[in-house]
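A.B. asks: Below are the sequence and a predicted model for it; my questions follow.
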Number of protein chains: 2
Amino acid sequence: MAARPAYLRPVPAISARDHVATELERIGTVVTAVRGMTVIEEDCAAEYVFKVVAGALRAVRLLPDGRRYVTKFLLPGDYFGFSEGESYGQSVEVVGDATFIRYSRSSFDALLARDPAAGRRFFGVVCGELCAAQERLLLLGRKSALERLATFLLGMADRSIAATPGENNEVHLPMNRSDIADYLGLTVETVSRLLTQLRHHRIIDLPTSNHVVFLKREELETISCGER
Amino acid sequence: MAARPAYLRPVPAISARDHVATELERIGTVVTAVRGMTVIEEDCAAEYVFKVVAGALRAVRLLPDGRRYVTKFLLPGDYFGFSEGESYGQSVEVVGDATFIRYSRSSFDALLARDPAAGRRFFGVVCGELCAAQERLLLLGRKSALERLATFLLGMADRSIAATPGENNEVHLPMNRSDIADYLGLTVETVSRLLTQLRHHRIIDLPTSNHVVFLKREELETISCGER
DNA sequence: CGCGTGCTTGAACATTATCAAACAGTGTGG
DNA sequence: CCACACTGTTTGATAATGTTCAAGCACGCG
């Protein structure tokens, strides 16, 4: 088997073999997109809902003066494009070549309208997203730069495919320093400095700038929840 | 009519007169709670879902060392207690004496299971919450202290009852400085200093410490989105 | 080989936090 | 009714964390 980085290994389009999954399969189209492409543009008509199959994307919001915030990194299994109103609330761009499934909003809505199981399913999905967002509000509101970075690294490790959460000891980071900084509410320089600081303390290793190895996972965990 | 502050004026328990509302009405119990009470405790079994009728509450998350973050202020019309798993993800405490409706999780789930309209409704509600959370991620990640405060004041004005959004020129703040600080990821001192700064620039007035009057709304709006 | 992009490192600076103290408003008990 | 205590707010001086600006380095690509 070819040595593809984990984030590029595809996962099955639909994981749970239930009837909601079958219905979704019927209405979805598989799409691939290359690095840098914009999949969704903020304030444009919300015509589709998506699910990531492989690769990585980022959800982005901008301030009028150009300051950028990365709301979320989208990895295999994640949905995106949900919106309450007529238009999308944020842009979504491709970080590393990605494959995803596209569902038209009208057929998605029709599914919700006729099938209570689908409604409950997606209600749960969005509740989970909301909970994750709250976790990040805590991170941005009350954690130090180092704590944010440690939390991020552990979180990425837990989210990577085919990893037992809490046990994965290396991560490939599909995004660059600038994306990480904008995700953690820091600057590129600070992210870079803290990574080298962790490296000098032999808590992580950085074989390449996108490949992180945890040398002392427990210590990272201690840092991440602010216990020092 | 008694001069009750707007945040204590009750709103109808159920606003939209549709059949989902009727179903909800059947399964809800009205509850009142006094200032300081804990309605939901983080990590406890998620047995109920709630909807605020009057008053104000705060959703809170804690770090092991005691740092606190206020995830959201809950005002009349807001739902709370949604959770993906078995337990709540955050605590909810009463800020100003509150009245709310309590729905048991099992009857709420049953409603979702039999009624597609209910599923869609709450899917939409949670999507809206998610969007608001993303707005706040941008605020915490990329806005300055002053920008955060301006955004907060305008946001509270828009959310107060019986106000035309964008036109309300005064707000009563049911929460104290410490709550505001924990909501904006700042300290009490910074919040206080920035409020007096806005007052000295005659952008707001503070007849009492919880009553804010907008003297130059446009300027607040300019500040809030970082255009200066 | 040279260019470009992204990453790292350093020095000076700014913003916001921390520590400390004074002040205001409210309720309680003498 | 006043003194007192309590809580919440404001203000000041100092310090820390993270930013900004600037330059050098590394890797990949034409």
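C.D. replies: In hand now; what should we look at?
A.B. asks: average model confidence for stretch A:122-136?
C.D. replies: Stretch A:122-136 shows a mean pLDDT of 95 in the predicted model.
A.B. asks: near chain B, anything from that stretch?
C.D. replies: Yes - with C-beta under 8 Å from any C-beta of the partner chain as the measure, stretch A:122-136 is seen reaching chain B through A:122-124, A:126-131, A:133-136. Bear in mind the C-beta positions are built from the backbone N, C-alpha and C, glycine included.
A.B. asks: That stretch: how far from the chain's middle?
C.D. replies: How far stretch A:122-136 lies from its chain's middle: 12 Å, per C-alpha atoms, centre = their mean, to the nearest Å.
A.B. asks: Pull out the buried residues from that stretch.
C.D. replies: Of the residues in stretch A:122-136, those scored as buried under the neighbour-count criterion (16 or more other C-beta atoms under 10 Å in any protein chain shown) are A:122-136.
A.B. asks: Stretch A:80-91 too?
C.D. replies: Residues of stretch A:80-91 classed as buried under the neighbour-count rule (16+ other C-beta under 10 Å) are A:F80, A:G81, A:F82, A:S83, A:E84, A:Y88, A:G89, A:Q90, A:S91.
A.B. asks: residues in chain A within reach of DNA strand C, list them.
C.D. replies: Within chain A, the positions adjacent to DNA strand C are A:176-178, A:188-189, A:191-193, A:195-196, A:206, A:209-210 by C-beta under 7 Å from any atom of the strand.
A.B. asks: Can you flag the buried ones in these?
C.D. replies: In terms of neighbour count (16+ other C-beta under 10 Å), the buried residues within the residues of chain A next to DNA strand C are A:R177, A:V191, A:L195.
A.B. asks: does DNA strand D sit close to the helix or strand A:L153 falls within?
C.D. replies: For A:L153, the enclosing helix or strand under DSSP states H and E is helix A:145-159. Yes - for helix A:145-159, a contact with DNA strand D is found by C-beta under 7 Å from any atom of the strand, at A:A145, A:L146.
A.B. asks: In PDB, could you pull the C-alpha coordinates for that helix?
C.D. replies: Extracted as PDB, the C-alpha positions of helix A:145-159 are listed here (Å, rounded to 0.1, in the frame of the first residue of the first chain):
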ATOM      1  CA  ALA A 145      -0.700  30.800  23.700                       C
ATOM      2  CA  LEU A 146       1.200  27.700  24.800                       C
ATOM      3  CA  GLU A 147      -2.000  26.100  26.200                       C
ATOM      4  CA  ARG A 148      -3.800  26.800  22.900                       C
ATOM      5  CA  LEU A 149      -1.000  25.200  20.800                       C
ATOM      6  CA  ALA A 150      -0.800  22.100  23.000                       C
ATOM      7  CA  THR A 151      -4.600  21.700  22.900                       C
ATOM      8  CA  PHE A 152      -4.500  22.100  19.100                       C
ATOM      9  CA  LEU A 153      -1.800  19.500  18.600                       C
ATOM     10  CA  LEU A 154      -3.600  16.900  20.800                       C
ATOM     11  CA  GLY A 155      -6.900  17.700  19.100                       C
ATOM     12  CA  MET A 156      -5.500  17.200  15.600                       C
ATOM     13  CA  ALA A 157      -3.900  13.900  16.700                       C
ATOM     14  CA  ASP A 158      -7.200  12.700  18.000                       C
ATOM     15  CA  ARG A 159      -9.100  13.700  14.900                       C
END
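A.B. asks: domain assignment for chain A?
C.D. replies: In the assignment given by automatic domain parsing, the structural domains of chain A cover A:6-139, A:143-224.
A.B. asks: hey, least reliable of those by pLDDT?
C.D. replies: Lowest mean pLDDT of these: domain A:6-139, a mean of 89.
A.B. asks: so how far is that domain off the chain centroid?
C.D. replies: The gap between the average C-alpha position of domain A:6-139 and the chain average comes to 10 Å, counting by C-alpha atoms, centre = their mean.
A.B. asks: Stretch A:178-190 now?
C.D. replies: Using C-alpha atoms, centre = their mean, we find the averaged C-alpha position of stretch A:178-190 to lie 15 Å away from the chain's own average C-alpha position.
A.B. asks: Next, the distance between the ends of that stretch.
C.D. replies: End-to-end span of stretch A:178-190 (C-alpha to C-alpha, to the nearest Å): 10 Å.
A.B. asks: now swap in stretch A:203-219 and tell me
C.D. replies: Separation of the first and last residues of stretch A:203-219 by C-alpha to C-alpha is 7 Å.
A.B. asks: Okay, buried residues for that stretch please.
C.D. replies: Using 16+ other C-beta under 10 Å as the test for burial, stretch A:203-219 gives A:I203, A:I204, A:V212, A:F214, A:R217, A:E219.
A.B. asks: and the two most separated of those residues?
C.D. replies: Longest distance between any two of those is 13.9 Å, between A:V212 and A:E219; criterion C-beta to C-beta.
A.B. asks: hang on, the earlier thing: mind listing residues that contact the helix holding A:L153?
C.D. replies: Residues external to helix A:145-159 that are found in contact with it (C-beta atoms under 8 Å, 6 or more residues apart in numbering or on different chains): A:73, A:75, A:139-140, A:143, A:163, A:165-166, A:168-171, A:173, A:180, A:183-186, A:190-191, A:194-195, A:197-198, A:204, A:212, A:214, A:217, A:220-221, A:223-226.
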